[in-house]
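Novice: Sequence and predicted structure below; questions after.
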Amino acid sequence: MARNLNVLVVDDEETICISLSAWLAKEGFRVETASSGPAALERLSEKLFDLYLLDLKMPGMDGLELLTRIRAIQPDASAIMITAHGSIQTAVESMKNGAIDYLCKPFDPEELSLVMERAATNKALRDENVMLRMQLLEQQDAIFSGIVAQSQAMHAILSDIEEVAPSNAAVLITGETGVGKELVARVIHMRSEQSQGPFIAVNCGAQTETLLESELFGHERGAFTGAVKARRGLLEMANNGTLFLDEIGEISPKMQVNLLRALEEKKIQRVGGARPIETHFRLISATHRDLQQLRREALFREDFFYRINVFTIHIPPLRERVEDIPILADFFLQKYNQETRKRIEGFTQNALAILKSHSWPGNARELRNVIERVVVLARGRMIGSEELDFLKSRSVECQMENLTLKEAERGHIQVVLTSCGGNISQAAKKLGIDRVTLSRKMKRHQLNRD
Amino acid sequence: MLDLIPFGAVDPMAVSIVAAHIQAIIGAYTNIQSERSLPDYALIATRNQYDAAKILKALHGESQGAPFKLGLLQEDLCLPILTYVYGESQLGGKVAVISIHRLIDPRPEIIYERAAKIGIHEVGHMIGLEHCRGIDCLMHFSKQLDQLDGQPLHFCSACEYEVSRRMKRLVRNGIGVTSQDQRSLEK
Ligand SMILES: [Zn+2]
Ligand SMILES: [Zn+2]
């Protein structure tokens, strides 16, 4: 198994040099050894290696110092630190100093094999530099856009984005909490003509009306108690950019009038000010509420509704596009792998099945939080179903939340009955009521013993 | 061509099965030597394991016997740098050693098969073969026993070609090859 990889092993113990290089040679690496830091640096004056295995503890120059010296000569050098058992702290230190991995003496053969395999893969990747850079660009695009999608619904949304982004039309994004409305807004901004300008996001539901007004429109000095300085509003700041108003369904009819005027005149007035300030921005709004319904209830102005809703993008909830779950989960896995420096490879089939069957009331945001949690807690190379067990109990809670008392009672009785194999006396005991009451409740809820 | 040397008490069945498989699959005539005492010089008392590198060194220093030597132990093997090894050999060298210590299974035939695979693998290294990427090959590095069990009892076609090429070259160069090896190879 020839590998195009030159390795330099640096260790002051000869036996370790010999056995490591013998092992590596069988794996097809081209190996040389050096018995000290200075000896290694001398080798480096003649040739550079693809990978360095450095003993951390050596008399004279230690592995960390050697790594620093190697990096001065070869800035992108890959190194694996060899440490003694119990010096995790130094191992961590060496990782911070740029070692790609570390091994504790004596190594587990399996681990040595894994670490070397990873290093070889790393090298192979770097060899495909050009290709990698292109992939990276694509990846960055995906990360920037953050829209990782497999489903037809999301692909349709992506093409909607492409269509609407350059047009400067006002866009309304609808969908449940956590589906990624702001993300879609950002992508529209990035693909728009004002992509060089600012993207200003405001959550209209998070503050009181007065506060929101001063946030959006700004205020002049002395406009109200506490307004000791004049302040630019977000509508001003969004000039030549995009203004994203999240939870637009929460703003009052009065604020709707103010915003409508600002949109039509492309001018605003700060609170307590008289001079008109020009501002041009593209408006993207989002809501999880049914604006048509609000409009019928006269809580949402019709003229404002049509002004902000030139183009609608509806993002379906995650449970309606199950095919996006694995790819999104993988996207978040990679993200948190990077953040936590872990190397979890993926999900087992069972784990994926759990992810796919969960109802995700919090949508992609909930999925992200769940993946973050399992990545932080994960020990193995794969995320298994046991690690997602908490989702099952959680989904029961979530379902319970949406139940009426009657529905909850019926559900609970059914669960207990099933667990008691239909034995009414036993179930009644468990439920803390007598048999007659239970039978009555069963009749009322139209429940059978099985 | 190859001396198989048991160190300490080793299940004789395991010894003869390893020898038979090396002979059949590699084509090297294998001679089972009489049992030797455990190599105390290689014992790492703190780990209760034997240093495979030291055993190789000692075997390498022997001028008697066949040019290729394979040690076999019931005891656990390791290297100072590795927590354990199933076997160890010089790549393209003359000596190798294997242990059946970690090959435990309630069915002895499983142990014998594992021992044969490891023996052939190390002899493969001895005649100069590196690890093979293909998993259906005895030269693939098995990280775990279940991987080893999944391996077939033969080389992939590329490694098999390499084995026969190297064996023929040994014969051609007359390196410690006896008429028995010739006959064994012709089969
Ligand atoms: Zn091997
Ligand atoms: Zn092979």
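Specialist: Perfect, thanks for sending it. Ligands and ions are numbered 1, 2, ... in the order given.

Novice: got any ranges where the chain has weak pLDDT?
Specialist: I went with chain A, as the question did not name one. A:1-2, A:4, A:85-88, A:124-149, A:393-403, A:449-450 (pLDDT under 70).

Novice: wrong chain, I was asking about chain B
Specialist: Ranges of chain B meeting pLDDT under 70: B:175-187.

Novice: State the number of residues packed around residue A:359.
Specialist: Residue A:359 has 14 neighbours, counted by other C-beta atoms under 10 Å in any protein chain shown. Any C-beta I mention is one placed from the backbone N, CA and C, and that applies to glycine too.

Novice: Checking it next. Helix, strand or coil?
Specialist: Per DSSP: H, G, I helix; E, B strand; the rest coil, the local secondary structure of residue A:359 is coil.

Novice: how near is it to residue A:186?
Specialist: Distance of residue A:359 to residue A:186, given as C-beta to C-beta, to the nearest Å: 27 Å.

Novice: Surely residue B:170 and residue B:126 touch.
Specialist: No: applying C-beta atoms under 8 Å, one finds residue B:170 not in contact with residue B:126, separated by 10.6 Å.

Novice: Helix or strand for the most far-flung residue of chain B relative to its centre, just tell me which one.
Specialist: No residue in chain B sits farther from the centre than residue B:46, which is 26.0 Å out by C-alpha atoms, centre = their mean. For residue B:46, there is no enclosing helix or strand under DSSP states H and E.

Novice: same check, this time on the one 10 residues further on
Specialist: Secondary-structure element containing residue B:56, defined by DSSP H and E: helix B:52-60.

Novice: Contacts for that helix next, please.
Specialist: By C-beta atoms under 8 Å, 6 or more residues apart in numbering or on different chains, the residues outside helix B:52-60 that reach it are A:15, A:18-19, B:5, B:7, B:39, B:41-42, B:69, B:71, B:77-80, B:85, B:87-90, B:93-97.

Novice: Convert that helix to CSV, retaining C-alpha atoms only.
Specialist: Coordinates of the C-alpha atoms in helix B:52-60 are reproduced here as CSV (Å, rounded to 0.1, in the frame of the first residue of the first chain):
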residue,chain,number,x,y,z
ALA,B,52,8.2,-8.5,20.4
ALA,B,53,11.1,-6.3,19.2
LYS,B,54,13.5,-8.1,21.6
ILE,B,55,12.3,-11.5,20.5
LEU,B,56,12.9,-10.5,16.9
LYS,B,57,16.4,-9.3,17.7
ALA,B,58,17.3,-12.5,19.5
LEU,B,59,15.9,-14.7,16.6
HIS,B,60,17.7,-12.5,14.1
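
Novice: So which bits of that helix are buried?
Specialist: B:52-59 (16 or more other C-beta atoms under 10 Å in any protein chain shown).

Novice: hmm, back to that, just want to know which of residue B:170 and residue B:126 has more residues nearby.
Specialist: The neighbour comparison of residue B:170 against residue B:126 (other C-beta under 10 Å) goes to residue B:126, with 23 against 20.

Novice: hang on, residue A:205 is in a strand, isn't it?
Specialist: No: according to three-state DSSP, residue A:205 belongs to no strand; its state is helix.

Novice: Name all residues that make contact with the closest residue to it other than its chain neighbours.
Specialist: Excluding the flanking residues, the one nearest residue A:205 by C-beta to C-beta, 6 or more residues apart in numbering or on different chains is residue A:247, at 3.4 Å. Counting by C-beta under 8 Å, 6+ apart, residue A:247 makes contact with A:203-206, A:286-288.

Novice: where's residue B:166, which helix or strand?
Specialist: helix B:157-172.

Novice: does that helix come close to ligand 2?
Specialist: Yes: Helix B:157-172 lies within reach of ligand 2 by C-beta under 5 Å from the ion, at residue B:159.

Novice: Just the CA atoms from that helix would do, formatted as CSV, please.
Specialist: Extracted as CSV, the C-alpha positions of helix B:157-172 are listed here (Å, rounded to 0.1, in the frame of the first residue of the first chain):
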residue,chain,number,x,y,z
SER,B,157,-5.0,-11.2,-6.4
ALA,B,158,-2.4,-8.3,-6.3
CYS,B,159,-0.8,-9.5,-3.1
GLU,B,160,-1.0,-13.1,-4.2
TYR,B,161,0.9,-12.1,-7.4
GLU,B,162,3.4,-10.2,-5.2
VAL,B,163,3.9,-13.2,-2.9
SER,B,164,4.6,-15.6,-5.7
ARG,B,165,6.9,-13.1,-7.4
ARG,B,166,8.9,-12.7,-4.2
MET,B,167,9.0,-16.4,-3.5
LYS,B,168,10.2,-17.2,-7.0
ARG,B,169,12.9,-14.5,-6.6
LEU,B,170,14.0,-16.1,-3.3
VAL,B,171,14.2,-19.4,-5.0
ARG,B,172,16.1,-17.9,-8.0
